[in-house]
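Participant: Mind folding the following:
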Amino acid sequence: MAETSASGQPADGPQTTGHAWDGIREYNNPLPRWWLYTLYATIVWSMGYWVLYPAWPMVSGYTAGLLGYSQRATVLGEIEAVRRARDARGRTQLASATVAEIRADPALLRLALATGKAAFGDNCAACHGTSATGRIGYPNLQDDDWLWGGTPEEIERTIRFGARSAHGETHLGDMPAFGRDGILTRPEVEAAATYVLSLSGKPGVAGASVEKGAEVFAGNCAACHGAEAKGNPEMGAPNLTDAIWLYGSAPEQVVATITGGRRGVMPAWEGRLDPATIKSLAVYVHGLGGGR
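Facilitator: Residues are numbered from 1 along each chain as shown. Alright, predicted model coming up:
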């Protein structure tokens, strides 16, 4: 007969918990010692971690730990190190140089283009698109149609001060709501739309007269857009003779523009972006192919 332990289980056989069901016994196999020692070591390690590093949340903060480690401080230090590295590569020069000087210096130009591309993706792509091709109400920056001028210096000024923004030096110039404010009747609005669409070879509103539209245009629109409808960058008035239409070229879209007016807003980036970034953006945007 096999020997049994005090619990009544075989001394030389597998130990069980004493639980059995349908003839199946539940074994009680202890964990390997190396596994237990590892578990105990992790518990001790965690206790040390709680003491040395931030760990316990509190009502208005957290325990700092004996080492005073802060991941936020580490990240801020890394950001500052990157900023210093950029300065070493010429970022300070970007801030002090003019846009013309940056474009004339190959090393500064390369840095400006790289900086401007990154800044565009972070700050401008939401409106103008990742490829800067724009959409309805947001200009395409790759064409040659610029409301406020397309030279690098003019682009820099637009980025700095914005258009119809809260900045004191922002670009100003609103298009009146000719139809909504009762300046023109509906037939006159449609005639004006037909006339300006004819300037770029597009069909106008059915039944509207181009000749009548020319008269309406001369009396109400030429002051801003010019007698030849070529536009006026001083006032942000677009050229109406090309095929570029910021708010759409369908007859109903042009009628809506004349009826309700347009007052697109671009934020001023001065104070939100540093001078080096603004100049880099101007150089980058001009280099997309549409600058003058």
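Participant: hey, which strand is longest across this structure?
Facilitator: Determined from DSSP state E, the single longest strand within the chain is strand 16-21.
Participant: continuing past it, what's the next helix or strand?
Facilitator: Going down the chain from strand 16-21, the next helix or strand is strand 24-27, by DSSP states H and E.
Participant: Now that next one - C-alpha only, CSV.
Facilitator: The C-alpha coordinates for strand 24-27 follow below in CSV (Å, rounded to 0.1, in the frame of the first residue of the first chain):
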residue,chain,number,x,y,z
ILE,A,24,-11.9,14.3,-12.5
ARG,A,25,-9.5,15.5,-9.8
GLU,A,26,-8.0,19.0,-9.7
TYR,A,27,-4.3,18.9,-9.3
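Participant: one step back: list the strands paired with the longest strand of the chain, with their directions.
Facilitator: Strand 16-21 pairs in its sheet with strand 24-27 (antiparallel), by DSSP bridges.
Participant: show me where the stretch 51-200 of the chain has strands.
Facilitator: For the stretch 51-200 of the chain, strands defined by DSSP state E, counting those that start in this stretch occupy the ranges 57-58, 61-62.
Participant: least reliable of those strands going by mean pLDDT?
Facilitator: Of all these, the minimum mean pLDDT falls on strand 61-62 (a mean of 80).
Participant: Let me see the mean pLDDT of the longest strand of the chain.
Facilitator: In this model, strand 16-21 carries a mean pLDDT of 82.
Participant: and it, how far out from the chain's middle?
Facilitator: For strand 16-21, the separation from the chain centroid amounts to 65 Å (computed by C-alpha atoms, centre = their mean, to the nearest Å).
Participant: again with stretch 180-193
Facilitator: 37 Å.
Participant: Please, where are all the helices along the chain?
Facilitator: For the chain, the helices defined by DSSP state H cover 33-52, 71-88, 91-96, 99-104, 106-123, 125-128, 152-161, 186-199, 210-220, 222-225, 251-260, 275-286.
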